[in-house]
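# Turn this into a structure:
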Amino acid sequence: MKQTYSISGMTCEGCVASVSEKLSKTKGVKGVKVNLENAEARIESKHHLSTSALQSALGSKYIILEEPFVMAEQEVEEKSKWVQLKPLFLIFTYLFGAAILLHFNNWETQEVMLDFMGLFYVVFSFFKFLDLKGFPESFGMYDPLAKLVPAYGWLYPFLELGLGLLFLMRLEVTFALIATVIILGITTVGVTRTLLNKKSIRCACLGTALKLPMTEATFIENAIMLAMASWMLFEVL
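A predicted model of the protein is given here:
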């Protein structure tokens, strides 16, 4: 069943990430979606959950109250999920388009791929820098290394920006390709685990400015970059 709860005490996206993680670990919870603007959490569970159990999981910083509203139509939720993913698809379309147009009159597949990966990193790092404070906690909810080493979450946007510039400027390309395979490989492991466990959490691929659900699209996004980097690395070596 799906139930909506009002939550007070949240002030930033970091709070959203913290509340999501704590509620997700509560016994019986199958999925959690927290909305900062509406100060609410939509929880999917095997059975009705008491507010006392949820309050115990949250601690004293946040206050949770049950709202008399049960979500029933999964179709509506799926539709809203694709609506939320629209920015991601638009960004990918623009990035592919820009990379192709840059080499339209002098086509070289490798050059197109390098520019796409460079633009990908620069643009995606920009969205993470919009909320550099809230990003690490959201990212740490599914990335294995960021969960183990919190400082990595703070460093990640800078790594993306640096790799993007290396690709665009054609500097240390081999190093950038190896780093891409390692970094995105780790993240993809975390994304895959999240999808297999059917956890409903927010993807931090576009930072916390845009609220994107963790779906198969996130896996595909990483898989495309991994495939490009792996193929080009094979060609270089």
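# Domain ranges for the protein, per the record?
The record, using automatic domain parsing to delimit domains, assigns the chain the ranges 2-72, 80-236.
# export the ones you listed to JSON lines and tack on mean pLDDT and mean neighbour count?
C-beta coordinates here come from the backbone N, C-alpha and C atoms, glycine included. Written out in JSON lines, the entries for the domains of the chain read as follows (pLDDT from 0 to 100; neighbours: other Cβ atoms under 10 Å):
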{"stretch": "domain 2-72", "mean pLDDT": "81", "mean neighbour count": "16"}
{"stretch": "domain 80-236", "mean pLDDT": "86", "mean neighbour count": "17"}
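# Give me the distance from stretch 92-109 to the chain's centre.
25 Å (Cα atoms, centre = their mean, to the nearest Å).
# Sorry, slip of the keys, the one I care about is stretch 14-22.
Taking the mean of its C-alpha atoms, stretch 14-22 sits 14 Å from the chain's own mean (Cα atoms, centre = their mean).
# Check this structure for its longest helix and report it.
Ordering each helix of the chain by length in residues (DSSP state H) puts helix 173-196 first.
# Which neighbouring elements make contact with that helix?
Taking 3 or more Cβ pairs under 8 Å, 6 or more residues apart in numbering; DSSP states H and E as the contact definition, the neighbouring helices and strands of helix 173-196 are helix 144-148, helix 150-169, helix 216-236.
# now residue 91, nearest residue through space, not along the chain?
residue 123 (6.4 Å; Cβ to Cβ, 6 or more residues apart in numbering).
# Residue 157 versus the one you found, what's the distance?
Computed as Cβ to Cβ, to the nearest Å, the residue 123 to residue 157 distance reads 12 Å.
# Ok, residue 165 next?
Taking Cβ to Cβ as the measure, residue 165 and residue 157 are separated by 13 Å.
# swap in residue 19?
In terms of Cβ to Cβ, residue 19 sits 23 Å off from residue 157.
# looking at this, residue 42 is in a strand?
Yes - for residue 42, which was evaluated using DSSP: H, G, I helix; E, B strand; the rest coil, the result is membership in a strand.
# Can you say which helix or strand has the residue lying closest to it once chain neighbours are set aside in it?
Ranked by Cβ to Cβ, 6+ apart and with sequence neighbours excluded, the top spatial neighbour of residue 42 is residue 33, at 4.6 Å. Secondary-structure assignment from DSSP states H and E places residue 33 in strand 29-35.
# and that strand, what other elements does it pack with?
Identification of packing neighbours for strand 29-35 by 3+ Cβ pairs under 8 Å, 6+ apart yields helix 13-24, strand 40-45.
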